[in-house]
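A.B. asks: my questions concern the predicted model and sequence given below.
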Amino acid sequence: MKYKILLFLFTVFIGQIYAQETVLNGVVKDAESGLPLSDVSVTTTDFSKEVVTDTSGTFQLDGISEGDILIFSAFGYDTMEFDYKGELAMEFFLNPEQLTLLDDVVVIGYGSQVKKEITGAVSTVNSETLEQLKPVKVEQALQGTVSGVNVTAQSGAPGSGYNINIRGIATNGITAPTVIIDGYIGDLSTLNPADIENITVLKDAQAAIYGTIAANGVILVTTKKGRKNRKIEFGYNAYYGIQETSRKLPLLNATEYALLLNESYANGGQNIPYPEIGNLLGIGTNWQDEVFSLAPVMSHELSAAGGGEKVAYALSASNLEQEGIVGEDKSGYKRNTARISLSGDLTDRLRFSTNVNYMNINRKTLNENGLGSVLFNALNAPPTVPAYNDDGSFYLMPNTAGIGNEVINPLAQIANTFNNYTMRKLSGTFELNYDLFKNFEVTGRVGFNSSNDDYRGFSPIVDYGGGKVFNNPRSSVTQNKSNYYDYTFDLFANYNFELANHNFTTTVGTTFFRTWGDQLSATGFDVPNNSWDFADIGLAQGPVENNPSNSWNYDDRRLSYFGRLQYDFNGKYLLSAMIRRDESTLFHKDNRVEWFPSFTAGWIVSEEGFWGDAGFVNFMKIRGSWGQLGNDQVSGTYRSLLNGEGVYVLNGSITNGLAIGGIPNKEMRWETAEKLDVGLDLNFFNNKLTFVADYFIDTRKDLLINNIPISGIVGIGAPGSSAPTMNAGTVENRGFEFALNYNQKIGSDFSVSAGYNLTLIKNEVTEVNNSTGFMEGGAFGVGQPFPSRMEVGQPMGYFFGYQTNGIFQNQDEVNTHADQSALGTSDVRPGDLRYVDQNGDGIIDTNDRVYIGDPIPDATMGFNLTLNYKGIDFTTYIFASLGNDMVRNYERALSDVNRLNYVLDRWHGPGTSNEVPRVTTGATNNYVFSDYYVEDASYARIQNLQLGYSFSDKLLGDSFIKKLRIYAAVNNLYTFTKYKGYDPGASSNDPLAAGIDYGFYPIPRTYMMGINLKF
C-alpha cells in the first residue's frame, strides 16, 4: 500500500510539471513607435528553447514552464529579461538601444570611448557596410564611406594594391596609414572582409597615442568575436561573379587607321602605305577584344560563433579565387584565410583573449602598365595586322621606324609570361586582462606577424620579331625567398574614477616593437627544354658572367612609453591629453628619441541647462584637437651599407665586388606632423539625422628628401651609390570635411538609410631645402625631362611642362610666334601645337615650363543609400572625385602605331582644328610634355548596386535555417568621366608620379549572385 501511495504522488507530481509547460504566443514591438520588430531572438536562459520573430513581430515558444526566464535580444535594442508566469499571449516592448547612436563604443587606441565623448576626428565603418559592398579587399570599403579618406587603385589586376591617403598627401615617401588589427600592426590586404566587425579611422591628434607611426593616420580594425551565453551559430556566405572590363578605349579601326596613316605619310613627304584603301575596309583586328575577356570570381566563407558562461569563441575560414580580365589565369589571384578568436574568464578578475589569423595567397601577374605592358601593346598595335598567322602561330609585329622596337603582339606576350608568387602569413594577438581593483584594469598583449613568400619567374627563349627589345635569346629562371617577422609587446593600464561630477580615465603603458627579416634570390640560365615545367635553379646549369644572386637582412626595433588622461565634468566639458616617447633604431643614437604630445577638448552644448527643449536639434558638440605625430618610414639610412657596386684591380686583374652604397646621414630624424582640427557634431530629429563638420590643418615638417646634392668627390656617381637623404621639406594640407547621415523607419515595413560625405583639401609644398628648390619625379615618353615636381608654392607632384595656346593655322602665325626650334626640331609648320612664351624672350625652351595641372583632387565625396521593404533590400554606393588631373602617357609617339579616335578631329587645313595637331611621319615638337597631354580626370563612379531578398520565417518554417538571404549585385557599375584613359581613379604609390597614366589596368565591372545563410 505504501508503494502505491508513493507511485500515485509521483504520478501527480510529474503530471503537474508537464501541466505547467505551455505555449506562449507573443508579439514584440518597438517601445517608442509601437511598430512590430522582426529578427528578435527569444530564448530561455539555458538556450533549450529559442525562436526568432517573423516580419510581423510574432513568435510562438513551445514547452516553457512557469518560472522560466525569457531573454529578448535584437540588434539596436536593449536586451530584456522577462519572468514567465504562465501567460498564453502577450505583447513585449523593446527599448531602442542608444548604443547605436551617441553611446557607441569606439576603439581609440589602448582603450575605447563612448562616441558622445570623443573629442577627436574619428570615423567608423561597420560590418554591415562591408557586407553590402562585398569588397575583394578591405581597402575598397573605405572609398567614399569615410570623409577625409581617399582610396585609389594601383591596378585593376587581381590582388593588386591600393593607396590610402588620410587628409591628403603630406610626404614624398610612404603615405600609407598605420593599420592596427586587434592590437597588432598589420595589413588590411591580408584580411577577409567578412571577418571584420568594425573599422575606426583616427585622422587627427587622437592618433598621437601611437607616436612615431601615426603621422599618416591610424586605422584600427576590430575583428568579429564570439559572445558568452550564446548557442553556437553557423554562417555561410558565398558569391559567384563574372568580371568584364569596365571600359574599352575608342581606338581607330583598320579603315580609319589606314586613311590616317596615308595622310600622315603624305604630310611627311613619303609614299602612302595603303594606296588601295578599299581592300582594307572593315574594323580589322580589335586588339582590346583580343586581350580582354570575361573572368570569374568566387568566394566562400564559413563561420561559427558562440559561447558558454565563461568562454566565447568565433571561427571562420574563407576561399577567394579571381581570374584577371587580361590574361585570365595568367593574372589569377587566390586567397585562403582561417581565423580563430577565443576569450574567456580564468578567474573573477583575470580574463584572456586570443585572435589568430592565417592567410595564404597565390598570385600570378602580367606586365600591367607602362612601356611594354600588355595593354600598352594592345593600344598601340596596328589594327591592320592579324593576331595570328594562318598556321595558328602568333603574328610578329614588324620593327619599322613607325612602329618601333618595343610594340609586340600582346597575345604572344601573355603566352610567354610565366611567374608564380606565394605568401603565407600567420598573425594575431594573445592578451591578458587583470582587474587589479575596481575600475583599474591591467592589460598585457603580444601581437605578432610571421610571413614567408616565394617567387619564381621564368623568361623563355622567345622572338617577338626582328630587333624587338623584348626578344630573349637565352632562357632564365629567377627565384627568391623572403621571410618577414615582427612582434609587439604592450603593457598598459586603464583606471577610471569619479570625484563628484569629475570623471577621469587614465592610461599609461609601454610598448616594444621588433621587426626583422631576410631574403635570398638567384637567377639561373639555360632552362632545360625552354619550359616552365623545368624552370628551377637546380636544373638551370648555364654559365654566367656576373653573380646573379643577392641577399639582404634587417633588424629594427622601437621602444615607447605613453600616457593619456581623459576628463569630463558633468558630461559636458571634455578634455584629453596624451604624450608618447619613442626610441627607434632606424636613426642614429643621437636622434633616436622623440616626444609626441597632443591635446583634445570638447563641449557638449546640448547638456547645458540653457539648452532646454532644443526642438529638432537634440545634440550639439564642439571639439578641437592639436598634436604632434611622427613618421619613421624612411627611405634613406644613417648607416653605411655595402650594397653598391665596386670594380677592383687585384693581382693585376679586374674583379667585380661591392662598395658603399648610398651616402649615410647621421643627422636624419623622423618626420613630424603637426595636426590641428576644429569640429562640430550635430544630431537632429531624435538622432535620426547626424551632421559632422571638421576644419583641419596638417603640416608635415622635416620631410626626408632623397639625393640632396653634395660634392661629387665623395663618390656619389659610383654604381649603386647616391646622395644622402636629409630632412629638408615641409608640406601643408588644409581643408574641410562634412558628413551627413540619415536613418528612419517609416511604418512597419519600410526603412531608409542614407549618407553623404564631402572632403575639400588644399595641398601645398612650403619648403624644399636642396640646391634647386624642387624635386622631380615621374616619367613621360622616352628620354624626356621629368614631368612632375615637388616645389614650394605648388601641390605635391604637380605637372610641370609647356602650356599650349592652340594650333598654328598658317605660316604667318608660325613666323610671328616665338622660336620653338629649341624643343627638338626647327621644322615647325601649320597644324603644330603652339606653345606659350612665358618669359617673353622670343624662344620656347625649358625656361618656359610652368604649372599645367596636378593629380590631387579638389574635392572627394561619397553617397550611399539603403532601402528596406519587408524582406527586400536595396543598396547603392557612389564615389566622386573632382578637380584631379591625369597625364595621358600610354600612347607611343610613333607614326604607325594605333591612336584613339580623338585624332580624327586633327588639324588638316586652316580652321579645321585648334585642339588636335596634324599627323605626320616627319619630326615635330608636338610630343614634348605639355598640357595637351594633361586631362581633367574628375569622375563619379557607381561603386555598388545591390538588390537582396530575405526569406521570412514563415517560408523557412521549422527548418534548421535561421536566416536566408539571396542577392544580386554589380560592383563598379559605371564611371562618369571625360578622361580618355581606362581609369581616372587609378594612381601609382609614388607621391611624385601619382597622376601619370602609363596605361592603368582597368578595375573590372563585376556581376554577382550571392547567398547569406545562418543556421
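C.D. replies: That came in fine, so what should we check first? Numbering: from 1, shown residues only.
A.B. asks: which SS state does the residue most central in space within the chain fall under?
C.D. replies: In the chain, the residue lying closest to the centroid (C-alpha atoms, centre = their mean) is Glu139, at 3.2 Å. Three-state assignment for Glu139 (DSSP: H, G, I helix; E, B strand; the rest coil): helix.
A.B. asks: count the neighbours of the closest residue to it other than its chain neighbours for me.
C.D. replies: Excluding the flanking residues, the one nearest Glu139 by C-beta to C-beta, 6 or more residues apart in numbering is Tyr162, at 3.9 Å. The way it works is simple: take the backbone N, C-alpha and C, and place the C-beta from them, glycine included. Other residues lying near Tyr162 total 21 when counted by other C-beta atoms under 10 Å.
A.B. asks: is it correct that Tyr162 is in contact with Lys137?
C.D. replies: Yes. Using C-beta atoms under 8 Å, Tyr162 is in contact with Lys137, at 6.5 Å.
A.B. asks: in the stretch 901-1015 of the chain, which spans are strands?
C.D. replies: 934-936, 939-950, 963-977, 996-997, 1004-1014 (DSSP state E, counting those that start in this stretch).
A.B. asks: tell me the most buried of the ones you listed?
C.D. replies: Burial of the strands of the stretch 901-1015 of the chain is given as mean neighbour count (mean count of other C-beta atoms under 10 Å); strand 996-997 ranks first at a mean of 26.
A.B. asks: which strands and helices sit next to that strand?
C.D. replies: Helices and strands touching strand 996-997, by 3 or more C-beta pairs under 8 Å, 6 or more residues apart in numbering; DSSP states H and E, are strand 885-888.
A.B. asks: which other helices and strands does the strand it packs on contact?
C.D. replies: Applying 3+ C-beta pairs under 8 Å, 6+ apart, we find strand 885-888 packed against strand 934-936, strand 996-997.
A.B. asks: let's see that with 6 Å instead.
C.D. replies: If contacts are counted by 3 or more C-beta pairs under 6 Å, 6 or more residues apart in numbering; DSSP states H and E, strand 885-888 sits against strand 934-936.
A.B. asks: so how far is the strand it packs on off the chain centroid?
C.D. replies: Offset of strand 934-936 from its chain centre (C-alpha atoms, centre = their mean, to the nearest Å): 24 Å.
A.B. asks: now swap in stretch 393-404 and tell me
C.D. replies: For stretch 393-404 - counting by C-alpha atoms, centre = their mean - the centre lies 39 Å from the chain centre.
A.B. asks: for this structure, which segments count as helices?
C.D. replies: Using DSSP state H, the helices found in the chain span residues 2-20, 127-133, 254-267, 287-291, 374-380, 410-415, 811-816, 953-956.
A.B. asks: quick one: average pLDDT of stretch 819-832?
C.D. replies: Taken as a whole, stretch 819-832 has an average pLDDT of 94.
A.B. asks: could you measure from Asn369 over to Pro1004?
C.D. replies: 15 Å (C-beta to C-beta, to the nearest Å).
A.B. asks: now swap in Asp68 and tell me
C.D. replies: From Asp68 to Pro1004 the distance is 54 Å (C-beta to C-beta).
A.B. asks: so which residues make contact with stretch 865-882?
C.D. replies: 55, 132, 143-144, 749-754, 857-864, 938-950, 952 (C-beta atoms under 6 Å, 6 or more residues apart in numbering).
A.B. asks: please disregard the earlier target; I meant stretch 750-769.
C.D. replies: Contact with stretch 750-769 is made by 147-148, 168, 728-745, 774, 790, 792, 794-796, 856, 859-869, as judged by C-beta under 6 Å, 6+ apart.
A.B. asks: same check, this time on stretch 942-960
C.D. replies: Identification of contacts with stretch 942-960 by C-beta under 6 Å, 6+ apart yields 54-55, 133, 871-879, 964-971, 973-974, 1015.
A.B. asks: can I assume Ala170 is in contact with Val731?
C.D. replies: Yes. Ala170 is within contact range of Val731, at 5.1 Å (criterion: C-beta atoms under 6 Å).
A.B. asks: intersection of neighbour lists for the two?
C.D. replies: Applying C-beta under 6 Å, 6+ apart, one finds that Ala170 and Val731 are jointly contacted by Arg700.
A.B. asks: out of the helices of the chain, the one nearest Phe394 is which?
C.D. replies: helix 410-415 (3.8 Å; C-beta to C-beta).
A.B. asks: selecting buried members of the contacts of stretch 750-769 in ChimeraX, what would you type?
C.D. replies: Buried residues among the contacts of stretch 750-769 (16 or more other C-beta atoms under 10 Å), as a ChimeraX selection:
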select :147,148,168,728,729,730,731,732,733,734,735,736,737,738,739,740,741,742,743,745,790,794,795,796,856,859,860,861,862,863,864,866,868
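A.B. asks: when you check the contacts of stretch 750-769 against the strands, which ones overlap?
C.D. replies: Of the contacts of stretch 750-769, the ones assigned to strands by DSSP state E are 728-745, 774, 790, 859-869.
A.B. asks: circling back to that earlier point, any idea what the residue nearest to Glu139 is bridged to?
C.D. replies: Beta-bridge partners of Tyr162, counted by DSSP bridges, are Ala153.
A.B. asks: distance of it relative to Asn989?
C.D. replies: Applying C-beta to C-beta, the value for Tyr162 to Asn989 is 9 Å.
A.B. asks: how about low-confidence regions in the stretch 501-650 of the chain?
C.D. replies: The stretch 501-650 of the chain contains residues with pLDDT under 70 at 547, 614, 635-636, 642-647.
A.B. asks: can you give me the strands for it?
C.D. replies: All strands of the stretch 501-650 of the chain, identified by DSSP E, counting those that start in this stretch, fall at 502-525, 549-569, 573-584, 593-604, 617-631, 644-650.
A.B. asks: just so I know, which of those strands lies nearest Leu676?
C.D. replies: strand 617-631 (5.2 Å).
A.B. asks: just want the angle from that closest one to strand 593-604.
C.D. replies: Compare the direction of strand 617-631 with that of strand 593-604 by axes from the mean of the first three to the mean of the last three C-alpha atoms, to 10 degrees and you get 170 degrees.
A.B. asks: please name the residues that touch the nearest residue in space to Pro1002 that is not next to it in sequence.
C.D. replies: Counting by C-beta to C-beta, 6+ apart, Pro1002 lies nearest to Tyr982, which is 4.0 Å off, once chain neighbours are set aside. Contacts of Tyr982 were listed using C-beta under 6 Å, 6+ apart, and they are Arg247, Phe1000, Pro1002.
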